[in-house]
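[1] test case, fold it:
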Amino acid sequence: MTADGDVYWGQSKMLDMHMLVELVEKEAVKVPQPEIHIRADATTDYKNVGKVIAAINRGGVIKVGFITEPDHGVRGTR
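    Residues are numbered from 1 along each chain as shown. From the prediction side, this is the model:
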């Protein structure tokens, strides 16, 4: 997810949440069911992340993970 709330599946931009749900539904029937990983810009609104999680749940995937990156001291020293 971008800071503006744009959602991508790999390199493809999702035009709406319905498009995302359709892609998730195709993944949900796989055995074993894959985990979907979300990577969002640090400034993305939580409500946008929540909408993506809801779309994933509607699509039938149970496991959702978050990809994060370490701070690397960018925000100050520890």
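[2] tell me which element residue 21 is part of?
    Using DSSP states H and E, residue 21 sits within helix 17-28.
[3] dump the C-alpha coordinates for that helix into CSV.
    C-alpha atoms of helix 17-28 as CSV (Å, rounded to 0.1, in the frame of the first residue of the first chain):
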residue,chain,number,x,y,z
MET,A,17,-11.5,-3.6,-3.3
HIS,A,18,-13.7,-5.9,-5.4
MET,A,19,-10.8,-6.5,-7.7
LEU,A,20,-8.6,-7.4,-4.6
VAL,A,21,-11.3,-9.8,-3.2
GLU,A,22,-11.4,-11.6,-6.6
LEU,A,23,-7.7,-12.2,-6.5
VAL,A,24,-7.8,-13.3,-2.9
GLU,A,25,-10.6,-15.8,-3.7
LYS,A,26,-8.3,-17.5,-6.3
GLU,A,27,-5.7,-17.9,-3.6
ALA,A,28,-8.1,-19.0,-0.9
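[4] residues in contact with that helix: which ones?
    Contacts of helix 17-28 with the rest of the structure, by C-beta atoms under 8 Å, 6 or more residues apart in numbering, involve 7, 9, 14, 33-34, 36, 51-52, 54-56, 58-61. C-beta coordinates here come from the backbone N, C-alpha and C atoms, glycine included.
[5] could you rerun that using 10 Å?
    Contact with helix 17-28 is made by 7-10, 12-14, 33-36, 51-52, 54-62, as judged by C-beta atoms under 10 Å, 6 or more residues apart in numbering.
[6] after that helix comes which helix or strand?
    strand 36-38.
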